[in-house]
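Asks: Here's a sequence, model it:
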Amino acid sequence: MQINDKSENKAYFANEQRYSNMTYNRTGKSGVLLPALSLGLWHNFGFIDNIQNGREILRTAFDLGITHFDLANNYGPPYGSAEENFGTILKTDFKSYRDELFIATKAGYDMWPGPYGNLGSRKYLIASLDQSLKRMALDYVDIFYHHRPDPETPLEETMGALADIVRQGKALYVGISNYKPKETAEAAKILKNLNVPFILHQARYSMFDRWVEDGLLNTLNENGVGCIAFSPLAQGILTDKYIKGIPENSRASKSLTYLNTETVNENLNKIQALNALAESRGQKLSQMAIAWILRQPQVASVLIGASSANQLKENVKALDYLSFTNEELLQIENIIK
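Replies: So this is what the prediction gives:
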């Protein structure tokens with residue numbers, strides 16, 4: 001997709017102070033440092049979206065020191081369009097900064113029709129990454145994930161495909177997403193025996209969704225693998241959007257993407273109590289929710305989405321106040337439970 005607007009020909013020069021204020025965390029036992037906040041392109045970067053808005057979000061992110069951009073083969077809509085738009089913006093704005101970026105993509109969910117466009121076969125993973133590289137006009141990605149476990153394909157086949165992708169130079173590192181603790185340990189063992197740099201597990205994690213605390217974080221720690229947390233705001237519940245109820249045209253009002261009116265109403269008292277605590281800390285609820293996740297030593301980065309550059313700037317302010325008192329942590333536990 002072409003960028004056609006008045007700023008099309010204005011050259012982008014990144015903020016020279018971009019690394020001054022961002023926090024960078026080591027990813028497991030690897031040599032990789034990730035920004036405490038990373039940008040996910042799941043929403044707002046497809047063909048149905050304004051590409052100039054996406055361009056401004058990406059520019060703002062990099063100016064703030066966010067070096068990690070996270071995609072997947074079927075992000076859009078339509079499928080593949082987020083990668084294609086990202087490739088267009090990469091060419092116009094970030095070509096000279098490629099070596100400063102840590103770019104991710106994934107495969108594992110539905111992508112194309114037929115038996116080879118889904119799950120975890122060698123056929124699917126390698127073909128999907130080849131397509132992704134073409135859409136983004138890249139020679140390699142920094143990390144390639146298997147997006148979800150495949151109960152039918154032998155784990156050895158899936159992990160073997162990841163190993164060959166690294167050996168072919170199409171990815172520097174590999175990761176997995178949505179794997180349970182036992183599956184993660186098994187994958188780590190196979191990849192270690194294959195001498196493949198497995199450095200990240202991408203997992204859903206928020207104050208309202210804490211499954212990773214039930215064994216996964218310990219498993220990652222034991223295997224020297226970092227965690228990158230997605231959906232830190234529980235699809236928007238942990239923002240000030242729903243403090244007074246459900247606004248018109250909100251995601252919950254439309255029952256979109258795992259969020260509906262019932263979920264919000266069930267948690268409204270908790271949302272309001274958490275918001276009061278955040279205000280006492282001098283933060284927005286969203287900022288406190290992000291900081292709460294980053295307190296976990298295994299979490300290298302929190303993956304956030306943004307619909308505008310201003311929203312991104314507000315979320316990055318979470319890094320201004322990351323510490324919690326024991327009393328605050330106890331308050332949060334009591335509210336959540």
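Asks: Ala188 contacts Asn223, correct?
Replies: Yes. Judged on C-beta atoms under 8 Å, Ala188 makes contact with Asn223 at a distance of 4.1 Å. Glycine gets a C-beta too; all of them are placed from N, C-alpha and C.
Asks: okay, the two: which has more neighbours?
Replies: Ala188 (21 against 18; other C-beta atoms under 10 Å).
Asks: hmm, who's touching the helix or strand where the more buried one lies?
Replies: Ala188 belongs to helix 181-193 when elements are defined using DSSP states H and E. Helix 181-193 is contacted from outside by 149, 155-156, 159-160, 162-163, 174, 176, 179, 198, 201, 214-216, 218-220, 222-223, 225, using C-beta atoms under 8 Å, 6 or more residues apart in numbering.
Asks: Low-confidence stretches in the protein?
Replies: Scanning the chain for pLDDT under 70 picks out the ranges 1-9, 245-260.
Asks: 50 instead?
Replies: Within the chain, the segments meeting pLDDT under 50 span 6-7.
Asks: The helix holding Ala188: what's the following helix or strand?
Replies: Remark: after helix 181-193, the chain's next helix or strand is strand 198-204, criterion DSSP H and E.
Asks: Give me the angle between that next one and helix 181-193.
Replies: Orientation check (axes from the mean of the first three to the mean of the last three C-alpha atoms, to 10 degrees): strand 198-204 against helix 181-193 gives 160 degrees.
Asks: Need the buried ones from the contacts of helix 181-193 selected in ChimeraX.
Replies: In ChimeraX, this line selects whichever of the contacts of helix 181-193 come out buried by 16 or more other C-beta atoms under 10 Å:
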select :149,155,159,160,162,163,174,176,179,198,201,216,219,220,223,225
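Asks: Return the subset of the contacts of helix 181-193 lying in helices.
Replies: Counting by DSSP state H, these place 155-156, 159-160, 162-163, 216, 218-220, 222 in helices.
Asks: JSON lines for these, including distance to Ile332?
Replies: Output for the ones in helices among the contacts of helix 181-193, formatted as JSON lines (distance: C-beta to C-beta, whole Å):
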{"residue": "Leu155", "distance to Ile332": "36"}
{"residue": "Glu156", "distance to Ile332": "41"}
{"residue": "Met159", "distance to Ile332": "37"}
{"residue": "Gly160", "distance to Ile332": "42"}
{"residue": "Leu162", "distance to Ile332": "37"}
{"residue": "Ala163", "distance to Ile332": "41"}
{"residue": "Leu216", "distance to Ile332": "20"}
{"residue": "Asn218", "distance to Ile332": "21"}
{"residue": "Thr219", "distance to Ile332": "24"}
{"residue": "Leu220", "distance to Ile332": "22"}
{"residue": "Glu222", "distance to Ile332": "27"}
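Asks: Okay, buried residues for stretch 273-283 please.
Replies: Buried positions in stretch 273-283, judged by neighbour count with 16+ other C-beta under 10 Å: 274-275, 278, 283.
Asks: from those, which ones fall inside helices?
Replies: Judged by DSSP H, the buried residues of stretch 273-283 include 274-275, 278 as members of helices.
Asks: picking that back up, redo the buried residues of stretch 273-283 as CSV? Include distance to Gly117.
Replies: Below are those laid out as CSV (distance: C-beta to C-beta, whole Å):
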residue, distance to Gly117
Leu274, 41
Asn275, 43
Ala278, 43
Gln283, 43
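Asks: Noted, bye for now.
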